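Chemist: I'll drop the sequence and a predicted model, then ask my questions.
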Amino acid sequence: MVSRRITFRIHRAWPIVFLLLLLTSGCTLSRRWWYNAPDYNDQFRFPAISIPPAANTWTWPEAEDLQALGAMRVVKPILSLETCSLEERLEDSPTLAFLVIRNDSILYEYYAPGAGPRSSMTSFSVAKTFIGYLVGVGLEEGWIRSLQDSVQHYLPDFGRTDVTLEHLMNNTSGITCPPDGWVYYTRHLDRLPSRVSDSRCDPAKQWRYENAGTQLLGMILETASGESLEDLLATRLWQRIGTEYPMRWTEDGNGMPRAFCCMNATARDFARFGRLMLHMGNWNGEQLVPRDFLEEAAQGSSADGQFIRYKYQQWLEHPEAGVYFANGLYGQYLYCYPPKNVLIVRFAREGAHVHAIWSELMSMVIEQL
């Protein structure tokens, strides 16, 4: 009778024991189960590398009244014919920060209750555009020879010779990647090259958005330059654009930054990078990223399996007009509209992000400037 009771108790307890072992093992599966889907608060949960700001802060010129533009009339979302003020539209959304900048001056600045100019905003995939820019820097400085270089030239553990840097930059590599959940939660990003060698299709045949491709680019940047990815970001970009506060870049738990996401900084500091984007890599007369590289990045193509609205880790709104933006999960934007020299910055924590809704709103704002 005693043995039967003990067996019964063990059978009832084993799920709890299993979960405790899972959570204490540090494995990717346990982290994914515990944290579930990527979340805005992940910036505070995971270990991060601190990247110091610029020695000298570049100060934003500002409109006399940073709230006046909030009275602008815009259409309510989802096929509505009703209008409301821009501020009301933002208040009724999960928007955390929304900045409108024209001719390098902040015309409007909105923050949700509890947020402000010093609040940390998380980038999610806005980070991919930073990586694309660093590839341009590598080409200019010569430690990356060409976008036609084989990935295997830089990462010997990568098992294919026919995949190039350009394929990774344009998401046309054709490789079979681990699930994005593994890439996001693993503590072993260093193992990635050996896990993506299988072929889904030949390179330059099909576009597929993948986090793993950008992470490989980050590893290539380190190998080619001989510098850490965080040092490259700091010395080539972050400290060169007058940033005011440190950036916190989450890493895998073993010191490797998540190249594909998860840079955390203030909205105004992210806007400084947006200003660099808007000016085609030029910061106050100094060309930090090659202009010809960025001009090519702003022109979409459907050749070789490419998606016409994506080029070199950057999204294109109107490829023919050179309108481009960095975009992140849950509605993060650095939206550049060169015809009017306008930059719109948005950070949010949406559960389901629909680009068309915010593209429409930003178009309405730009039309009225």
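Modeler: Thanks, I have it.

Chemist: quick one: contacts for the residue nearest to Ala112 when sequence neighbours are not counted?
Modeler: Using CB to CB, 6 or more residues apart in numbering and skipping the chain neighbours, the partner closest in space to Ala112 is Leu96 (4.9 Å). The way it works is simple: take the backbone N, C-alpha and C, and place the C-beta from them, glycine included. By CB atoms under 8 Å, 6 or more residues apart in numbering, the contact set of Leu96 is Tyr111, Ala112, Ala115, Ser119, Met121, Phe347, Ala348, Arg349.

Chemist: what secondary structure does Leu96 sit in?
Modeler: Following DSSP: H, G, I helix; E, B strand; the rest coil, the label given to Leu96 is strand.

Chemist: number of nearby residues for the nearest residue to Arg118 once chain neighbours are set aside?
Modeler: Spatial nearest neighbour of Arg118, excluding adjacent residues (CB to CB, 6+ apart): Thr266 at 6.1 Å. Residues lying near Thr266 (other CB atoms under 10 Å) number 22.

Chemist: so how far is Asn254 from Thr266?
Modeler: Distance, Thr266 to Asn254, by CB to CB, to the nearest Å: 27 Å.

Chemist: and what of Tyr40?
Modeler: For Tyr40, the distance to Asn254 (CB to CB) stands at 24 Å.

Chemist: more neighbours: these two, which one.
Modeler: Tyr40 (18 against 11).

Chemist: mind checking how far the residue nearest to Ala112 is from Pro179?
Modeler: 28 Å.

Chemist: which regions of the stretch 51-200 of the chain sit below the pLDDT cut-off?
Modeler: Where the stretch 51-200 of the chain drops to pLDDT under 70, the residues are 197-198.

Chemist: what are the ranges of the strands in it?
Modeler: 73-75, 83-85, 95-102, 105-111, 121-122 (DSSP state E, counting those that start in this stretch).

Chemist: now for the first one, which elements pack on it?
Modeler: Where contact means 3 or more CB pairs under 8 Å, 6 or more residues apart in numbering; DSSP states H and E, strand 73-75 is packed against strand 83-85, helix 86-91, helix 355-367.

Chemist: same list (the ones you listed) but as JSON lines, adding distance to Ala212 and mean neighbour count.
Modeler: Formatted as JSON lines, those follow (distance: least, CB to CB, whole Å; neighbours: other CB atoms under 10 Å):
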{"stretch": "strand 83-85", "distance to Ala212": "41", "mean neighbour count": "14"}
{"stretch": "helix 86-91", "distance to Ala212": "34", "mean neighbour count": "19"}
{"stretch": "helix 355-367", "distance to Ala212": "22", "mean neighbour count": "16"}
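
Chemist: can you tell me which of these comes nearest to Thr186?
Modeler: Closest to Thr186 of these is helix 355-367 (CB to CB; 28.0 Å).

Chemist: mind exporting the closest one as PDB, just the C-alpha atoms?
Modeler: Output in PDB follows, covering the C-alpha atoms of helix 355-367 (Å, rounded to 0.1, in the frame of the first residue of the first chain):
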ATOM      1  CA  HIS A 355       2.400  48.500 -41.400                       C
ATOM      2  CA  ALA A 356      -0.300  49.800 -43.700                       C
ATOM      3  CA  ILE A 357      -2.000  51.600 -40.800                       C
ATOM      4  CA  TRP A 358       1.100  53.500 -39.700                       C
ATOM      5  CA  SER A 359       2.300  54.100 -43.300                       C
ATOM      6  CA  GLU A 360      -1.000  55.800 -43.900                       C
ATOM      7  CA  LEU A 361      -0.700  58.000 -40.800                       C
ATOM      8  CA  MET A 362       2.900  59.000 -41.600                       C
ATOM      9  CA  SER A 363       1.900  59.900 -45.100                       C
ATOM     10  CA  MET A 364      -0.900  62.100 -43.800                       C
ATOM     11  CA  VAL A 365       1.500  63.900 -41.400                       C
ATOM     12  CA  ILE A 366       4.100  64.400 -44.200                       C
ATOM     13  CA  GLU A 367       1.500  65.800 -46.600                       C
END
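
Chemist: quick one, it and strand 105-111 angle?
Modeler: Angle, helix 355-367 to strand 105-111, by axes from the mean of the first three to the mean of the last three CA atoms, to 10 degrees: 140 degrees.

Chemist: chain center to helix 355-367: distance?
Modeler: With CA atoms, centre = their mean, to the nearest Å as the basis, helix 355-367 stands 20 Å off its chain's centre.

Chemist: how about residues contacting it?
Modeler: By CB under 8 Å, 6+ apart, the list of residues contacting helix 355-367 from outside reads 72, 74-75, 77-78, 86, 89, 100, 317, 327, 331, 333, 335, 337, 340, 342, 344, 346.
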